[in-house]
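Participant: sharing a model prediction with you, sequence too.
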Amino acid sequence: MDARASLMTALAAVVICAGSAACADSFERDAAEIKNLEAAYVSAIRAKNVDRLMDVYERSPGLFVFDLVPPRQYVGWDAYRADWQGVLDGCKDAPALEMSDLAVEGDGRYAWGHNIQHMSCITSSGAKLDMTYRVTDVYRKIGGKWLIVHEHISVPVDLQTGKADLSSKP
């Protein structure tokens, strides 16, 4: 390889690495914004504020959610808002919610993340609701702001009994 070809190869490597570093720095900012979005979600649930809660979701008929409670899926912001309103109204007290193991990745336009949530409250009938569940979110940057555009909430199922494991451990 001649000197000119070696120099061009080295320059290309520098440009690629610099571009990757810039992309990594950019996504670090995006990841921080998404983590703030998730913190706002937790805060809104603890405050039983459905309006603040729904601010983290795309306000669109295209929002798609698989939740723990029937029906099988919620399609659209209005449908999911009604679901959350029912959940929050079903708690006599302010729900306790803890989120752990939040991991986020993405490419600048879309991102995806997963976490574990533990929620408890006293229901309007006086019973204790206490459950741990898994959440996977897909985020999209819309108008310069990250929003959840798809959510999937699930729990492990004991295949011997067919019952949901609402207190799952790793």
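Facilitator: Structure's in. What do you need?

Participant: what about the strands in the chain?
Facilitator: Assignment of strands within the chain using DSSP state E yields the ranges 64-66, 74-75, 96-106, 110-122, 128-142, 145-154, 157-158, 163-164.

Participant: and the ones you listed as TSV, adding mean pLDDT?
Facilitator: Written out in TSV, the entries for these read as follows (pLDDT from 0 to 100):
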stretch	mean pLDDT
strand 64-66	98
strand 74-75	98
strand 96-106	98
strand 110-122	98
strand 128-142	97
strand 145-154	98
strand 157-158	94
strand 163-164	95
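
Participant: mind checking these for the one nearest to Ala44?
Facilitator: strand 96-106 (9.4 Å; C-beta to C-beta). C-beta here means a position set from N, CA and C on the backbone, and glycine is covered the same way.

Participant: sheet partners, orientation included, of that closest one?
Facilitator: Each strand pairing with strand 96-106, determined using DSSP bridges, is listed with its direction: strand 110-122 (antiparallel).

Participant: tell me which of the strands of the chain lies nearest to Glu38.
Facilitator: By C-beta to C-beta (comparing all of these), the closest turns out to be strand 96-106, at 6.0 Å.

Participant: how about the closest one: buried residues?
Facilitator: Within strand 96-106, the residues that qualify as buried are 97, 99, 102, 104, 106, counting by 16 or more other C-beta atoms under 10 Å.

Participant: okay, angle between that strand and strand 145-154 too, please.
Facilitator: 110 degrees (axes from the mean of the first three to the mean of the last three C-alpha atoms, to 10 degrees).
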